[in-house]
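Visitor: just the structure for this:
(chains A, B, C and D)
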Protein chains: 2
Amino acid sequence: MPRNPGGNPLALMVLCTLWERPSHPYQLVRTLKERRKDKSARLNYGSLYTVVAALEKGRAIEAVEVTREGNLPPRTVYRITDAGIAKMNGWLSELVADPKPEIPAFMTALSVLPVLPPERASELLALRVSRLGEEIKALEKESRALDGEVPELMRIESDYHQALLEAEVAFAERLVQAIKDGSMSGMAVWRQIHRSLVDGRPDFDSLAAVFAADGLSPRPGD
Amino acid sequence: MPRNPGGNPLALMVLCTLWERPSHPYQLVRTLKERRKDKSARLNYGSLYTVVAALEKGRAIEAVEVTREGNLPPRTVYRITDAGIAKMNGWLSELVADPKPEIPAFMTALSVLPVLPPERASELLALRVSRLGEEIKALEKESRALDGEVPELMRIESDYHQALLEAEVAFAERLVQAIKDGSMSGMAVWRQIHRSLVDGRPDFDSLAAVFAADGLSPRPGD
DNA sequence: ACCCGACTACTCTACTTCAAGTACCCGCAG
DNA sequence: CTGCGGGTACTTGAAGTAGAGTAGTCGGGT
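Guide: Alright, predicted model coming up:
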């Protein structure tokens, strides 16, 4: 169950969509896709039906009616309950007010970046910069296309996305620069590690020597 | 199995840590915690052992020996294989070069922000700004403490984290401003929706009227 | 008249994650 | 010398996630 909060954000989108009007699950998918909200949460059938079932069990939503057309599977229409509205408000408020740390995969990658040789790292980062640039251009284009059609209010999240992408580009560019001009501290160690690889693996003795030379113990305890 | 790539980033950290030297799983935890890398990937025992088992099954790592002290559970020491090194390089390269979209919960929250009344939204966003400020201050403090002790190379990911937080603050501040001074398009609709709530729910007729007034269909098809 | 591909509306299952639990060891305060 | 707080090292199970699979409808071409 998406135990409020910390559960699947899709559940929040479902609550908010049902807040506007009762729907059956598949209709939720269509509504969200029409509004381009399918990129604002991980949306897939498996999760959707799980989430809807969980919300029903938690009395945040309830079945209104079951209709059926021809021999198609029956469609269960749900509506939000008062408890559901309360949950929606509380959950959303917390998500907005409380920035809890999430860990993007790129951050993990950066934390182990020294396993790549410096030249390769800066090369790959430059590639990333150009790809991010494409994404930003695409977002800007879409934004211009929707301008006047859809009020900004309805695409705050895409502004946010753009802001994040721009910050990413700026960071990656700075990092590439710092690697290339050697202004980052630790560059000597980094280069040395990759100069003394045997078999694609770091040589422990060189590693230790290299760290010692910098007055750094690689593994303080042990 | 962390089917490369798209698997659990923890598996990448494991590979990289074993690249330096063979270890048993618990030792990996200690190493990562000593280096403060436990905030750079979701680290917990359940996932760690799953990930190690999967890597072994995929021949990226292999058991070197099983030691035992007293009656404690046996410790299985693993080392990385050549295939593992290849996988590590490929996976890391892809993570660095290819920015694939991840969806932070806050983005989902923004996508449904209009369900909160504007004043409440800006209030909560202001709270977020101050909390983010605290986080940034904490990061800066830690950064200063480590300065000179640990080279920048070893804390790139925390620089990245800081850059992201700063971008978040900037965005949230802009958004608060745009809500307060009404410069965002759609503000009239937003206010109107919350003025005409019955029972905490939007009134469909008012909703439709409000959208029509702006020349917007709330649900294009249907 | 019937086949094809696209859409509708779920369902199933294999996989992943994580908090909590287990079971042992050791040092040391009372 | 006893118990207990903290560390070691893993295991389990309950829940969540995702993507393929299923089974029907509908309209358009030949």
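Visitor: for the helix ranked longest in chain A, buried residues please.
Guide: Counting by DSSP state H, the longest helix found in chain A is helix A:118-146. Judged by neighbour count using 16 or more other C-beta atoms under 10 Å in any protein chain shown, the buried positions of helix A:118-146 are A:118, A:121-129, A:131-132, A:135-136, A:139. To be clear about C-beta, it is placed using only N, CA and C from the backbone, and glycine gets the same treatment.
Visitor: nearest to B:Gln27, of the residues you listed?
Guide: The closest of the buried residues of helix A:118-146 to B:Gln27 turns out to be A:Ala121 (C-beta to C-beta; 26.8 Å).
Visitor: can you pull the contacts of the residue nearest the centre of chain A?
Guide: The centroid of chain A falls nearest to A:Pro104 when counting by C-alpha atoms, centre = their mean (6.4 Å). Each residue near A:Pro104 by C-beta atoms under 8 Å, 6 or more residues apart in numbering or on different chains is listed here: B:Glu102.
Visitor: if we can go back for a sec, restrict the buried residues of helix A:118-146 to contacts with chain B.
Guide: Filtering those for neighbours of chain B using C-beta under 8 Å from any C-beta of the partner chain leaves A:121, A:124-125, A:127-128, A:131-132, A:135.
Visitor: just give me the closest of the buried residues of helix A:118-146 to A:Leu95.
Guide: Closest approach to A:Leu95 among the buried residues of helix A:118-146 (C-beta to C-beta): A:Leu139, at 22.2 Å.
Visitor: point to the helix or strand of chain A where mean pLDDT is at its lowest.
Guide: One helix or strand of chain A scores below all others by mean pLDDT, DSSP states H and E: helix A:204-213, with a mean of 71.
Visitor: near DNA strand D, from the ones next to chain B among the buried residues of helix A:118-146?
Guide: When C-beta under 7 Å from any atom of the strand is taken as the criterion, no member of those contacts DNA strand D.
Visitor: can you add pLDDT and distance to DNA strand C and give these back as CSV?
Guide: Shown next, in CSV, are these (pLDDT from 0 to 100; distance: C-beta to the nearest atom of the strand, whole Å):
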residue, pLDDT, distance to DNA strand C
A:Ala121, 98, 25
A:Leu124, 98, 23
A:Leu125, 98, 25
A:Leu127, 98, 26
A:Arg128, 98, 23
A:Arg131, 98, 24
A:Leu132, 98, 25
A:Glu135, 97, 24
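Visitor: any chance you could map the helices in chain A?
Guide: A:9-20, A:25-34, A:45-57, A:82-97, A:105-111, A:118-146, A:156-180, A:187-195, A:204-213.
Visitor: smallest distance to DNA strand D belongs to which residue of chain A?
Guide: Relative to DNA strand D, the nearest point of chain A is A:Gly46 (2.2 Å; C-beta to the nearest atom of the strand).
Visitor: ok, A:Ser130 - contacts?
Guide: The contact partners of A:Ser130, by C-beta under 8 Å, 6+ apart, come to none.
Visitor: for B:Trp190, find the nearest of the helices of chain A.
Guide: Comparing the helices of chain A by C-beta to C-beta, helix A:156-180 comes nearest, at 10.7 Å.
Visitor: okay, domains of chain A per the record?
Guide: Split into domains by automatic domain parsing, chain A comes to A:9-97, A:105-184.
Visitor: phi first, then psi, for A:Gln73.
Guide: I think there's a mix-up here, since residue A:73 is Pro and not Gln. The phi/psi pair for A:Pro73 (degrees, to the nearest 10) reads phi -60, psi 150.
Visitor: can you pull out the low-pLDDT segments for chain A?
Guide: Scanning chain A for pLDDT under 70 picks out A:1-6, A:211-222.
Visitor: DNA strand C contacts on chain A?
Guide: Within chain A, the positions lying close to DNA strand C (C-beta under 7 Å from any atom of the strand) are A:24-27, A:30, A:45-46, A:49, A:69, A:72-76.
Visitor: one more time with 10 Å
Guide: Selection of chain A residues close to DNA strand C by C-beta under 10 Å from any atom of the strand yields A:6, A:23-30, A:33, A:44-50, A:52-53, A:66-70, A:72-78, A:103.
Visitor: now the buried members of these.
Guide: Among the residues of chain A next to DNA strand C, the ones that count as buried by 16+ other C-beta under 10 Å are A:23-25, A:27-29, A:48, A:52, A:76-78, A:103.
Visitor: what does chain A have sitting close to DNA strand D?
Guide: A:1-4, A:6-11, A:41-51, A:53-54, A:57-58, A:69-73, A:221.
Visitor: cross-check those against chain B and keep the overlap.
Guide: Checked against chain B using C-beta under 8 Å from any C-beta, those yield the following neighbours: A:9-10, A:41-42, A:221.
Visitor: quick revisit: by how many degrees do the longest helix of chain A and helix A:187-195 diverge?
Guide: Helix A:118-146 runs at 110 degrees relative to helix A:187-195, counting by axes from the mean of the first three to the mean of the last three C-alpha atoms, to 10 degrees.
Visitor: A:Phe106 contacts B:Leu95, doesn't it?
Guide: Yes: counting by C-beta atoms under 8 Å, B:Leu95 is a contact partner of A:Phe106 at 6.2 Å.
Visitor: show me which of those two is the more surrounded one.
Guide: Between A:Phe106 and B:Leu95, B:Leu95 has the larger neighbour count (other C-beta atoms under 10 Å in any protein chain shown), namely 25 against 22.
Visitor: just confirm the more buried one contacts B:Leu12, I think it does.
Guide: Yes: with contact defined as C-beta under 8 Å, B:Leu95 reaches B:Leu12; the gap is 7.3 Å.
Visitor: now for the two: what residues contact both?
Guide: Counting by C-beta under 8 Å, 6+ apart, the contacts common to B:Leu95 and B:Leu12 are A:108-109.
Visitor: give me the number of residues near the closest residue in space to A:Met107 that isn't next to it in sequence?
Guide: Sequence neighbours aside, B:Glu157 is the residue nearest to A:Met107 in space, at 5.0 Å (criterion: C-beta to C-beta, 6 or more residues apart in numbering or on different chains). Residues lying near B:Glu157 (other C-beta under 10 Å) number 23.
Visitor: from what I see, A:Val96 and B:Leu124 are in contact.
Guide: Yes: between A:Val96 and B:Leu124 there is a contact under C-beta under 8 Å: 4.3 Å.
Visitor: overlap in contacts of those two?
Guide: Residues touching both A:Val96 and B:Leu124 by C-beta under 8 Å, 6+ apart: B:Leu116.
Visitor: hang on, the earlier thing: and the furthest pair within the buried ones among the residues of chain A next to DNA strand C?
Guide: Using C-beta to C-beta, the two most remote members of these are A:Val77 and A:Ile103, lying 38.2 Å apart.
Visitor: which residues touch A:Asn89?
Guide: Here A:Asn89 is in contact with B:115-116 (criterion: C-beta under 8 Å, 6+ apart).
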